[in-house]
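Participant: Okay, predicted coordinates and the sequence, questions at the end:
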Amino acid sequence: MQYPEFQNIFIDVDRGVSGVGRETLKIAAFAREVPFTKAVDIGTGSGFIAIYLSSLGKHCEGTDVNPAALACATRNAEKNNLRVNFYPSDLFENVDGTFDLLICNFPVGSAKSSILNTPIEFMKSFLPKGNRVVPLVAFLFIRKHREEMITRFLQDAKKVTGKNARAILFL
């Protein structure tokens, strides 16, 4: 799909990969207004945010625990003739360097295990966009893990941020 209001970037979303939702678009629009030198999009999914910010000439990397998401994001960057560094990481586990902007749209309806995450995302990808039933049901099952993930994010962020770093989080 092409996004005219976002530098006309093209993003295809594979089955098993989180799609480009309203939250993703809002985060991307907000991030373009934030001054930064180097950003990382944790849980990048299709790569939309990292690709969009890179299309503006900004440095943004993307991480994900889902190998299907990383493959999808890499292909999307190539379709847009951009070089974006996408790599596997569970939150900041494999993040190297210092960033002055952290971006994360915490999942609703994902699992702790990357083995389970792909089937869950695959099932969600068959639903009509905007369907709130399955994410709400899935949230009941993953609520504790999600809370732990948010806590870990907040505790570990200081490992990869500088003095005046900012974060854009969608909780």
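Facilitator: On my side now, so go ahead.

Participant: List the neighbours of the top strand by length along the chain that are in contact with it.
Facilitator: Across the chain, the longest stretch assigned as strand under DSSP state E is strand 161-170. Residues from elsewhere that reach strand 161-170, judged by C-beta atoms under 8 Å, 6 or more residues apart in numbering: 23, 26-27, 30-31, 34, 36, 98-106, 153, 157. Where C-beta positions appear, they are placed from N, C-alpha and C, glycine not excepted.

Participant: right, and the helix or strand after the helix or strand encompassing residue 71?
Facilitator: Per DSSP states H and E, residue 71 falls inside helix 67-79. Remark: after helix 67-79, the chain's next helix or strand is strand 86-88, criterion DSSP H and E.

Participant: Tell me the buried residues in that next one?
Facilitator: residue 86 (16 or more other C-beta atoms under 10 Å).

Participant: what does stretch 61-76 give?
Facilitator: Result for stretch 61-76 [16+ other C-beta under 10 Å]: buried residues 61-66, 68-70, 72-76.

Participant: Using PDB, write out every CA atom in it.
Facilitator: The C-alpha coordinates for stretch 61-76 follow below in PDB (Å, rounded to 0.1, in the frame of the first residue of the first chain):
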ATOM      1  CA  GLU A  61      16.900   1.500  12.900                       C
ATOM      2  CA  GLY A  62      14.300  -1.200  13.600                       C
ATOM      3  CA  THR A  63      14.200  -4.300  15.800                       C
ATOM      4  CA  ASP A  64      11.700  -7.100  16.200                       C
ATOM      5  CA  VAL A  65      11.600 -10.600  17.800                       C
ATOM      6  CA  ASN A  66       9.600 -11.900  14.800                       C
ATOM      7  CA  PRO A  67      11.900 -13.100  11.900                       C
ATOM      8  CA  ALA A  68       8.900 -12.700   9.500                       C
ATOM      9  CA  ALA A  69       8.600  -9.000  10.500                       C
ATOM     10  CA  LEU A  70      12.300  -8.400   9.900                       C
ATOM     11  CA  ALA A  71      12.200 -10.000   6.500                       C
ATOM     12  CA  CYS A  72       9.100  -8.000   5.600                       C
ATOM     13  CA  ALA A  73      10.600  -4.700   6.900                       C
ATOM     14  CA  THR A  74      13.800  -5.300   4.900                       C
ATOM     15  CA  ARG A  75      11.900  -6.000   1.700                       C
ATOM     16  CA  ASN A  76       9.800  -2.800   2.300                       C
END
